[in-house]
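> sequence first, then the predicted structure:
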Amino acid sequence: MNTDLYNLKSERVGKVELPDRVFKVRWIPDLVHQALRVQLANRRPVTAHAKDRSEVRGGGRKPWKQKGTGRARHGSIRSPIWKGGGVTHGPKKEKKYELKINKKMKQRAIFSLLSKRFKDGEIKIVESLAVIEAKTKSAAMLLGGFSDKKGRVNVLLIPQESNKNIYASVRNLKSVQALNPKSLNVHDLLKHKIIVIDKEAVEVISKHYHEIK
């Protein structure tokens, strides 16, 4: 499959061949949704945690003697019925939110999403995304041709593997992200308006995400 090749000014400069198995896959929204749900669930931090009576501090001494005081018997001030005591049946940090998706389904979801965004004109293949210096100014000049009518840039860059400077260059740019071609994922491919792919990265994607039988 042939498509237009662009320069960094967003001007057509030629043609480039794209692999059909990556950029010409049927749109499967349910599978993409499943892959996204799994990815976000596996990122979810487990922060809610309530201490039970074995974890709260203190309570090593019996608060008063067992008999003769006229009060109810107690063995520890860390009992759940005491203020400041342990919590019964509270949330635990051991809770797991992880979900699973097999490799073939995940890859199919990525290809389906790439194909949909390519069909909708939201993916552009460029000659090169190389920057000489790892500076924000270099990246800002690089992306000038991909801004919208209001001058805003919301771009996902997929450079060739040897291009290390690009990651440091876009770090301080809002709504701009650089992603290694071997680290494609549904979440990052969805959250940007435009995806700009280095033509050298296309071959890396095709080789890395080999056919799964």
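Right, received. Where do you want to start? Residues are numbered from 1 along each chain as shown.

> ok so Arg73 is a helix residue?
No. According to DSSP: H, G, I helix; E, B strand; the rest coil, the state of Arg73 is coil, so it is not within a helix.

> which residues does it contact?
By CB atoms under 8 Å, 6 or more residues apart in numbering, the residues touching Arg73 are Gln66, Lys67. In this view, the C-beta of every residue, glycine as well, is placed from N, C-alpha and C.

> and it, how far from Ser79?
Distance of Arg73 to Ser79, given as CB to CB, to the nearest Å: 11 Å.

> also Asn185?
48 Å.

> quick revisit: quick check: neighbours shared by Arg73 and Ser79?
Residues touching both Arg73 and Ser79 (CB under 8 Å, 6+ apart): there are none.

> where in the protein is pLDDT low?
Counting by pLDDT under 70, the chain has low-confidence residues at 132, 149-151, 212-213.

> would you map the helices across it?
20-23, 29-43, 103-119, 136-142, 165-169, 186-190, 199-208 (DSSP state H).

> in a markdown table: those helices, plus distance to Arg57 and mean neighbour count.
Shown next, in a markdown table, are the helices of the chain (distance: least, CB to CB, whole Å; neighbours: other CB atoms under 10 Å):
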| stretch | distance to Arg57 | mean neighbour count |
| --- | --- | --- |
| helix 20-23 | 57 | 16 |
| helix 29-43 | 32 | 15 |
| helix 103-119 | 45 | 19 |
| helix 136-142 | 48 | 17 |
| helix 165-169 | 45 | 20 |
| helix 186-190 | 40 | 17 |
| helix 199-208 | 51 | 17 |
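
> including distance to Pro91, could those go into JSON lines?
Converted to JSON lines, those look like this (distance: least, CB to CB, whole Å):
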{"stretch": "helix 20-23", "distance to Pro91": "42"}
{"stretch": "helix 29-43", "distance to Pro91": "17"}
{"stretch": "helix 103-119", "distance to Pro91": "30"}
{"stretch": "helix 136-142", "distance to Pro91": "41"}
{"stretch": "helix 165-169", "distance to Pro91": "37"}
{"stretch": "helix 186-190", "distance to Pro91": "26"}
{"stretch": "helix 199-208", "distance to Pro91": "40"}
